[in-house]
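Chemist: starting from these lines, generate the structure:
(chains A, B, C and D)
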4 protein chains.
Amino acid sequence: MKSPSKPTMAHSHHTVERENKTALANRINRIEGQVRGIGKMIEEDRYCIDVLTQINAIQSALGSLSIQLLESHLAGCVKGAVEAGDGDAAIAEVIGVMRKLAR
Amino acid sequence: MKSPSKPTMAHSHHTVERENKTALANRINRIEGQVRGIGKMIEEDRYCIDVLTQINAIQSALGSLSIQLLESHLAGCVKGAVEAGDGDAAIAEVIGVMRKLAR
Amino acid sequence: MKSPSKPTMAHSHHTVERENKTALANRINRIEGQVRGIGKMIEEDRYCIDVLTQINAIQSALGSLSIQLLESHLAGCVKGAVEAGDGDAAIAEVIGVMRKLAR
Amino acid sequence: MKSPSKPTMAHSHHTVERENKTALANRINRIEGQVRGIGKMIEEDRYCIDVLTQINAIQSALGSLSIQLLESHLAGCVKGAVEAGDGDAAIAEVIGVMRKLAR
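Modeler: Numbers count the residues shown, from 1 in each chain, chains lettered A, B, ... in the order given. Here you go, the predicted model:
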């Protein structure tokens, strides 16, 4: 990943609260387990259609995670940037990432 | 997951060869590592846009894995089913899963 | 569009029957009307979210049309190609187009 | 479509300027022509793979139109709503539509 270790727009970067972080961590652990699960399915010669269905479920879980992070980004960083008079750059940045998400 | 432990169309279920299985296992391990990576990014308060970019990369990796499994399913199970005169059911089944993949 | 006027795999190209063709034509006419509709919405300064919702509906209609054509292609051309002993090329071709559909 | 004829958040609804409207109208006309084109392709029994490729091109054009409208919505309505102290509702609304766009 070519992401910088420092956020591009540090001033508007809000931190996710501890409580939400635990919820997110659990969610990501679950997705990690699902990915491990498809590895096991292939090892056990499970039927391709079942593996595909399971990959599809992981895609949905990740898509839904993306949207949640996007929401928190809009409600946190972007809103903060607009209030600080620096909304245009934050909006251009979020559109850049959405352009990839929505194919 | 509501997948049966026995394939629906056992007669046409071809097994992935050992060599390909190792390649698939490596690929899935890599995706598992990427998912673990986003967990770490959130723990470390990494910038949301970077996390979203990384989730997007995982989605692409999974999408590309899906297509590979689909190809192997068509070239193995579906082709075998057609040759055995049982193609229509196999095609209906694969279309069912594609309907979900292609939103 | 760089599509050839002659099908690449003419021997396995099955024709859609008249009846199905009329149904498809009606469906495409409806989609064409929906696209014209968003033009009108923008002209009339309709709320962006409503326009986005409508574009989304068109995307779904097109996605569902794609799947139907794909099904008819698998059940017609690809099945025919497999029966004629020429399945691998037909499968490679269909996978190529799916690779684009499923992002 | 169940969209209201009045925008839900009228105070923050910015109008697209004449110049941009003409560009948008041209773009939508082009998409309408592409949809009509696939109707013609089916009428002429064109090869399924070519029709699928063309539908895919229309999907991309619509996806890219969505993103442009989304950008203009964020930079116009949502930014305006945040500045007017009413950002949260506008963000919730835009997330609702994105949830559908990003499958």
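Chemist: all contacts plus neighbour counts: C-alpha atoms, from now on.
Modeler: OK.
Chemist: in chain A, which segments are predicted with low confidence?
Modeler: Along chain A, the model assigns pLDDT under 70 to residues A:1-17, A:102-103.
Chemist: not counting sequence-adjacent ones, nearest residue to the residue most central in space within chain A?
Modeler: The structure's chain A has its C-alpha centroid closest to A:Ser66; by C-alpha atoms, centre = their mean the separation is 3.3 Å. Distances taken as C-alpha to C-alpha, 6 or more residues apart in numbering or on different chains place B:Leu52 nearest to A:Ser66, at 6.1 Å, with adjacent residues excluded.
Chemist: I'd like the distance from whatever helix or strand that neighbour lives in to the chain centre, please.
Modeler: Per DSSP states H and E: B:Leu52 is located in helix B:48-73. Distance of helix B:48-73 from the chain centroid (C-alpha atoms, centre = their mean, to the nearest Å) equals 9 Å.
Chemist: tell me the residue furthest from the middle of chain A?
Modeler: Max distance from the centre of chain A (C-alpha atoms, centre = their mean): A:Asp45, 30.5 Å.
Chemist: show me what contacts A:Ile95?
Modeler: Residues near A:Ile95 by C-alpha atoms under 8 Å, 6 or more residues apart in numbering or on different chains: D:67, D:70-71.
Chemist: most surrounded residue in these?
Modeler: Greatest neighbour count in the contacts of A:Ile95, by other C-alpha atoms under 10 Å in any protein chain shown, goes to D:Leu70: 24 neighbours.
Chemist: where do the strands sit along chain A?
Modeler: Shown for chain A, no strands are assigned by DSSP state E.
Chemist: quick one: the helices in it?
Modeler: A:18-43, A:48-73, A:79-83, A:87-101 (DSSP state H).
Chemist: angle of the last one against helix A:48-73?
Modeler: When axes from the mean of the first three to the mean of the last three C-alpha atoms, to 10 degrees is applied, the directions of helix A:87-101 and helix A:48-73 differ by 180 degrees.
Chemist: wait, the residue nearest to A:Ser66 sits on A:Ser72?
Modeler: No: using C-alpha atoms under 8 Å, B:Leu52 is not in contact with A:Ser72, being 11.5 Å away.
Chemist: and A:Leu74, what does it touch?
Modeler: D:Ile91 are the contacts of A:Leu74 under C-alpha under 8 Å, 6+ apart.
Chemist: any figure for the gap between it and D:Glu71?
Modeler: 13 Å (C-alpha to C-alpha, to the nearest Å).
Chemist: one more: A:Cys48?
Modeler: 40 Å.
Chemist: thinking again about what came up before, okay, now the residue nearest to A:Ser66: neighbour count?
Modeler: 25.
Chemist: repeat that for A:Leu24.
Modeler: 19.
Chemist: check contacts around it.
Modeler: A:Leu24 neighbours (C-alpha under 8 Å, 6+ apart): B:39, B:42.
Chemist: A:Ala75 too?
Modeler: So A:Ala75 contacts D:87-88, D:91 (C-alpha under 8 Å, 6+ apart).
Chemist: now list the buried members of those residues.
Modeler: Buried members of these, counted by 16 or more other C-alpha atoms under 10 Å in any protein chain shown: D:87, D:91.
Chemist: A:Ser66 against B:Ala57, yeah?
Modeler: No: the pair A:Ser66 / B:Ala57 is not scored as a contact, 11.6 Å apart, by C-alpha under 8 Å.
Chemist: picking up where we left off before, quick check: angle from the helix holding B:Leu52 to helix B:18-43?
Modeler: Using the same axes, to 10 degrees: helix B:48-73 against helix B:18-43 is 160 degrees.
Chemist: about what we covered before: okay, the contacts of A:Ile95 in a markdown table with distance to chain C next?
Modeler: Listed next are the contacts of A:Ile95 as a markdown table, based on distance: C-alpha to the nearest C-alpha, whole Å:
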| residue | distance to chain C |
| --- | --- |
| D:Ile67 | 9 |
| D:Leu70 | 8 |
| D:Glu71 | 10 |
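Chemist: how much space between A:Arg99 and D:Lys79?
Modeler: In terms of C-alpha to C-alpha, A:Arg99 sits 19 Å off from D:Lys79.
Chemist: of the two, which one has the most company?
Modeler: Counted by other C-alpha under 10 Å, A:Arg99 and D:Lys79 do not tie: D:Lys79 has more neighbours, with 27 against 16.
Chemist: contact partners for that one?
Modeler: Taking C-alpha under 8 Å, 6+ apart, one finds A:79, A:82, A:87, D:87 in contact with D:Lys79.
Chemist: nearest spatial neighbour of the third one, skipping sequence neighbours?
Modeler: Distances taken as C-alpha to C-alpha, 6+ apart place A:Ala81 nearest to A:Gly87, at 4.8 Å, with adjacent residues excluded.
Chemist: isn't that neighbour up against A:Ala90?
Modeler: Yes: using C-alpha under 8 Å as the test, A:Ala81 is close enough to A:Ala90 to be in contact (6.5 Å).
Chemist: list residues touching both of the two?
Modeler: By C-alpha under 8 Å, 6+ apart, no residue touches both A:Ala81 and A:Ala90.
Chemist: for chain A, which residues are neighbours of chain D?
Modeler: A:60, A:63-64, A:67, A:70-71, A:74-75, A:79, A:82-83, A:87-88, A:91-92, A:95, A:98-99, A:101-103 (C-alpha under 8 Å from any C-alpha of the partner chain).
Chemist: please redo it, this time with the cut-off set to 7 Å
Modeler: Residues of chain A lying near chain D by C-alpha under 7 Å from any C-alpha of the partner chain: A:63, A:67, A:71, A:74-75, A:79, A:82-83, A:88, A:91, A:95, A:99, A:101-102.
Chemist: returning to that earlier point: most tightly surrounded among the helices of chain A?
Modeler: For these, the largest average neighbour count (mean count of other C-alpha atoms under 10 Å in any protein chain shown) is found in helix A:79-83, namely a mean of 22.
Chemist: just give me how far that helix sits from the chain centre.
Modeler: For helix A:79-83 - counting by C-alpha atoms, centre = their mean - the centre lies 21 Å from the chain centre.
Chemist: then stretch A:37-50?
Modeler: 25 Å.
Chemist: need phi/psi at A:Ala84.
Modeler: Main-chain torsions, A:Ala84, degrees, to the nearest 10: phi -80, psi 10.
Chemist: number of nearby residues for it?
Modeler: 12.
Chemist: returning to what we had before: restrict the contacts of A:Ile95 to those near chain A?
Modeler: Within the contacts of A:Ile95, those near chain A by C-alpha under 7 Å from any C-alpha are D:67, D:71.
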